[in-house]
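Chemist: below: sequence and its predicted model.
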Amino acid sequence: MNEIIIDVKNVSIRFGQNKVIDDISFQVERGDFIGLAGPNGAGKTTLAKAILCLLPLESGTITLFGQHGARFNYFSKIGYLPQKNSNLNSIFPASVEEVVSLGLLAAKKIPKVITKSDQSKVRKTLGELGILKLKNKMLSELSGGQQQRVLLARALVSEPELLVFDEPSTALDPASRNNFFRLIRTLNRKKGITIILITHDTGYIGNYANKLLYIDRRLVYFGEISAFCKPKKGGHFFEKTDNHIIWHQHN
Amino acid sequence: MEIINFLQYSFVQKAFLAGSFVAVVCSILGLFLVLRKMSLIGDGLSHVSFGAIALGLFFGFYPFYVAIPVVMIASFFILKISEKAKIYGDAAIGIVSSVGIAGGVILASASNGFNVDLFSYLFGNILAISNTEVILSIVLSLIVMILVYVFYWDLFSATFDEEYAKTTGVKTNFINILIAFLTAITVILSVKMVGVMLVSALLILPAVTALQLSKKFQVALLMSSFISLFSVLLGITFSFFLDLPTGAMIVMMNFLFFCLTFFYRKVFD
């Protein structure tokens, strides 16, 4: 068994009267590629944000790289690609190079300064993703696919050990989507980066992930994709649609 | 020849010196505020400063010594009320702003004595700035500049994408409080220059002008600072020679730069 880097124990999260996560437990091992799936409103993004220490828990604990979530400070070990550039301000005058530099802040102490060596790291990461020529462009001038690559560069520049992607492919056309998933599979297999991927596209989970975490406010399934694909008696969640797609893509 | 004489007046030198510092600070803070969609916080806090100055005059204190803590508390209050009380930021600004003005008017009415002094703060007059005010302006401006330099990347990150900033360990709550306090200081500094009624122009116009042309945040900051600085220097100069109100001239210079960049962008972009 590999080192456990995320340990989620009996976690519940509530927004006002609404319990969005109910008593979920699972463990993520180093090198896992986990597909996090579930219907709309199942709490996928909420769970991912809780793992990233962005949300308070109603009960339970999350331990990340051996640190309790409330005291977590190994931020440079984490890379995060949020959902569909939802927070981006279209008039914000941020160049690609400036945006990617933000990924380096986790390892810095006040006063934070972006050094020449940091700039080299930024350019190297942009080069690896094939977007170095965009470094002086304003982020909002780029296409959805290019913006996604820039935000991926921001997540990767600090050489994280864990990457969390929240529906990363929604702004991409089918060709860019395939390239994107191939790229993150390479990061997982060659660099050993642990990945948590939230997506509605269960086909991609079947193709690229080694484990499935399926939630619908509560934990429905967590385990190897191969085990999940075996027919189960009484498995009413996956019998018809999801099971078929994942099983099909997995082969 | 006339311009040389003009530059030799000590009140002009003081106005240029204090005005330059305040212009740069306003433009820097203004850019963060505009991008955070908090442009009108300057307007709200300037109205609070009106009430605070009235409070100072009422009790016989130097008005700015009262205004600084009161406006800081109001700024913090706007931040917290919009976070905790299910009130939108603009509504919170509206509440604090109207209470500030109402308080000032009540105190002015109750005092029967300092109305003239109080109303001189409505439109400001940097040409009448005292030595103490020059020193206060420079010291407070330097404090704001140093804090912005020290927390530059955290301010940038939290303004660009607050949620992502948290995942890199940026203390966004602290950054929000820092911005509120820096804005409070900047508003108070600007009141002497352009007056309560025009403070928000000094915060908003250089920033939106720079945003017309900049594609990089650092460039936007520099451009905003230069536009603000030139507007203040030209505004003071023209107001002297044309015998027009200084605060209003500074604002009109800022607006002129905005129009020029706006049309430049429309034609060439």
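Modeler: Cool, the structure landed.

Chemist: residue ranges of the strands in the stretch 151-251 of chain A, please?
Modeler: In chain order, the stretch 151-251 of chain A shows strands spanning A:162-166, A:194-198, A:211-216, A:218-224, with DSSP state E, counting those that start in this stretch as the criterion.

Chemist: need the ones you listed in a markdown table with mean neighbour count, can you?
Modeler: (Glycine included, C-beta is placed from N, CA and C.) What follows is these, written out as a markdown table (neighbours: other Cβ atoms under 10 Å in any protein chain shown):
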| stretch | mean neighbour count |
| --- | --- |
| strand A:162-166 | 23 |
| strand A:194-198 | 24 |
| strand A:211-216 | 22 |
| strand A:218-224 | 16 |
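
Chemist: wait, which of those is closest to chain B?
Modeler: The minimum distance between chain B and these falls on strand A:162-166, with 8.4 Å, by Cβ to the nearest Cβ.

Chemist: for that closest one, name the packing helices and strands.
Modeler: If contacts are counted by 3 or more Cβ pairs under 8 Å, 6 or more residues apart in numbering or on different chains; DSSP states H and E, strand A:162-166 sits against helix A:44-51, strand A:78-81, helix A:174-191, strand A:194-198.

Chemist: how far is the last one from where the chain is centred?
Modeler: Looking back up the chat, that one is strand A:194-198. Centre-to-centre, strand A:194-198 and its host chain are 4 Å apart (Cα atoms, centre = their mean, to the nearest Å).

Chemist: for it, packing partners?
Modeler: Partner elements for strand A:194-198 (3+ Cβ pairs under 8 Å, 6+ apart): strand A:18-29, strand A:33-37, helix A:44-51, strand A:162-166, helix A:174-191, helix A:202-208.

Chemist: could you rerun that using 6 Å?
Modeler: With contacts taken as 3 or more Cβ pairs under 6 Å, 6 or more residues apart in numbering or on different chains; DSSP states H and E, strand A:194-198 sits against strand A:33-37, strand A:162-166.

Chemist: mean pLDDT added to those strands, as TSV?
Modeler: TSV is the format used below for these (pLDDT from 0 to 100):
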stretch	mean pLDDT
strand A:33-37	93
strand A:162-166	94
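
Chemist: tabulate these (TSV), appending distance to residue B:28.
Modeler: Listed next are these as TSV, based on distance: least, Cβ to Cβ, whole Å:
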stretch	distance to residue B:28
strand A:33-37	41
strand A:162-166	33
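
Chemist: which residues touch the nearest residue to residue B:125 once chain neighbours are set aside?
Modeler: Among residues not flanking residue B:125 along the chain, residue B:246 sits closest, at 6.1 Å (Cβ to Cβ, 6 or more residues apart in numbering or on different chains). Neighbouring residues of residue B:246 by Cβ atoms under 6 Å, 6 or more residues apart in numbering or on different chains: B:126-127, B:236, B:239.

Chemist: out of the helices and strands in the chain, which is least certain?
Modeler: Since you didn't name a chain, this refers to chain A. Lowest on mean pLDDT, DSSP states H and E among the helices and strands of chain A sits helix A:242-250, with a mean of 48.

Chemist: oops, wrong one, chain B.
Modeler: Each helix and strand of chain B was given a mean pLDDT (mean pLDDT, DSSP H and E); the minimum falls on helix B:115-123 at a mean of 78.

Chemist: if you count neighbours, what's buried in the strand or helix carrying residue B:166?
Modeler: Assigned by DSSP states H and E, residue B:166 belongs to helix B:162-167. Within helix B:162-167, the residues scored as buried using 16 or more other Cβ atoms under 10 Å in any protein chain shown are B:163-167.

Chemist: and stretch A:49-63, by the same measure?
Modeler: For stretch A:49-63, the neighbour count (16+ other Cβ under 10 Å) marks A:49-53, A:55, A:57, A:60, A:62-63 as buried.

Chemist: same list, those, but only the ones touching chain B.
Modeler: Near chain B, judged by Cβ under 6 Å from any Cβ of the partner chain, the entries from those are residue A:52.

Chemist: where does pLDDT dip in chain A?
Modeler: Filtered on pLDDT under 70, chain A yields the residue ranges A:1, A:84-87, A:171, A:229-251.

Chemist: those residues of it touching chain B, which are they?
Modeler: Residues of chain A found near chain B (Cβ under 6 Å from any Cβ) are A:52, A:54, A:75, A:80, A:87, A:91-95, A:98, A:102, A:105-106, A:111-112, A:138.

Chemist: mind running it again at 7 Å?
Modeler: Counting by Cβ under 7 Å from any Cβ of the partner chain, the residues of chain A close to chain B are A:52, A:54, A:73, A:75, A:78, A:80, A:82, A:87, A:89, A:91-95, A:98, A:102-103, A:105-106, A:110-112, A:114, A:138.

Chemist: returning to what we had before: and which of the buried residues of helix B:162-167 is nearest residue B:6?
Modeler: Checking these against residue B:6 by Cβ to Cβ gives residue B:165 as the nearest, at 47.0 Å.

Chemist: about what we covered before: among the buried residues of helix B:162-167, which one sits closest to residue A:178?
Modeler: Residue A:178 lies nearest to residue B:164 out of the buried residues of helix B:162-167, by Cβ to Cβ, at 25.8 Å.

Chemist: could you look up the SS state of residue B:208?
Modeler: The assignment at residue B:208 comes out as helix when based on DSSP: H, G, I helix; E, B strand; the rest coil.

Chemist: correct me, but it touches residue B:257?
Modeler: No. The criterion here is Cβ atoms under 7 Å, and residue B:208 misses it with residue B:257 at 10.1 Å.

Chemist: any shared contact partners between the two?
Modeler: Counting by Cβ atoms under 7 Å, 6 or more residues apart in numbering or on different chains, no residue touches both residue B:208 and residue B:257.

Chemist: between those two, which has more neighbouring residues?
Modeler: Just comparing residue B:208 and residue B:257: by other Cβ atoms under 10 Å in any protein chain shown the higher neighbour count belongs to residue B:257, 22 against 19.

Chemist: next up, the contacts around residue A:168.
Modeler: Residues in contact with residue A:168, defined by Cβ under 7 Å, 6+ apart, are A:81, A:148, A:180.

Chemist: from these, pick the one nearest chain B.
Modeler: The shortest approach to chain B among these belongs to residue A:81, at 9.1 Å (Cβ to the nearest Cβ).

Chemist: count the residues that sit near that closest one.
Modeler: With other Cβ under 10 Å as criterion, residue A:81 counts 23.

Chemist: what does residue B:112 give?
Modeler: If we define neighbours as other Cβ under 10 Å, then residue B:112 has 7 of them.

Chemist: for it, give its distance to chain A.
Modeler: 49 Å (Cβ to the nearest Cβ, to the nearest Å).

Chemist: list the contacts of that residue.
Modeler: No contacts exist for residue B:112 under Cβ under 7 Å, 6+ apart.

Chemist: how much space separates it from residue B:57?
Modeler: Separation of residue B:112 from residue B:57 (Cβ to Cβ, to the nearest Å) stands at 12 Å.

Chemist: got it, and residue B:250?
Modeler: 25 Å.

Chemist: what's the answer for residue B:184, then?
Modeler: Per Cβ to Cβ, residue B:184 is found 19 Å from residue B:57.
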